[in-house]
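Colleague: Got a predicted structure plus its sequence, pasted below:
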Amino acid sequence: MTAAVTTEDHRSTVPLRVLVAVHGYEPSGWAEETSRLVSTWACPCVRVLGVLDVPTPPFTSLTGTARRAYGAARAQWTEIERARLDGPIAALMPGLPRQAEVIRTPASRGDIARTIAAQAHAWPADLAIVGAPAPGFRSWLRTGPVHERLVRLASCAVLVTAPARKELRGLRRLTPLRRMTPAVMGQRA
């Protein structure tokens, strides 16, 4: 009878496959919060996906010189984007399991959400974690916020982490005006 209980207690469980998508527009503190969240799950299989937002202007020239210049410009943009994503990925890694793998891929046709959804489908993820972009002009420029589009496109569950509330510093506190009665108003005259 004791053997049956111990075998039931040590059932093998399938690890949760978690895809953590880093697009570079996450708010500050996002990496630490995501690491803390993932560390609460038992034995997750984690893949960190860095999506490079490299511009792809149309190439219209037929000359070899222009083709080489275009290729050099794209390579430079890719390196700049890799360097931009290195910070958030480095902040994320200490809190994740040691066997977590990191891959970087350029956004196909500039569509970050579609790239994340395709990677989540290709590597059969059970859950995709993405950060809502910090408020700003560039993070909302595309065809919609990344997190909203990913929720619609992904074939797995999507966990969206919201940006932290900003503290209202430097703003003076408004005090309510005292109600003025006619007697008080008459004394001021």
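Modeller: Looks like it came in fine.

Colleague: tell me the pLDDT at the spatially most central residue of the chain?
Modeller: Nearest to the mean C-alpha position of the chain, by C-alpha atoms, centre = their mean, lies Gly131 at 3.1 Å. Looking at Gly131, its pLDDT is 85.

Colleague: Show me the beta-bridge partners of it.
Modeller: Thr161 (DSSP bridges).

Colleague: who's in contact with it?
Modeller: Shown in contact with Gly131 (C-beta atoms under 8 Å, 6 or more residues apart in numbering): 22-23, 25-27, 30, 34, 147, 160-161, 163. The C-beta positions use only the backbone N, C-alpha and C, and glycine is treated the same way.

Colleague: Which other helices and strands does whatever helix or strand Glu32 lives in contact?
Modeller: Per DSSP states H and E: Glu32 is located in helix 30-39. For helix 30-39, the elements it packs on are strand 17-22, helix 64-92, strand 127-131, strand 157-161, judged by 3 or more C-beta pairs under 8 Å, 6 or more residues apart in numbering; DSSP states H and E.

Colleague: can you give me phi and psi for the closest residue to Pro106 other than its chain neighbours?
Modeller: Closest residue to Pro106 apart from its sequence neighbours, by C-beta to C-beta, 6 or more residues apart in numbering: Leu52 at 4.5 Å. Backbone geometry at Leu52, expressed as degrees, to the nearest 10, gives phi -80, psi 120.

Colleague: how close does the nearest residue to Trp30 once chain neighbours are set aside sit to Ala21?
Modeller: Among residues not flanking Trp30 along the chain, Gly131 sits closest, at 4.4 Å (C-beta to C-beta, 6+ apart). According to C-beta to C-beta, to the nearest Å, Gly131 and Ala21 sit 8 Å apart.
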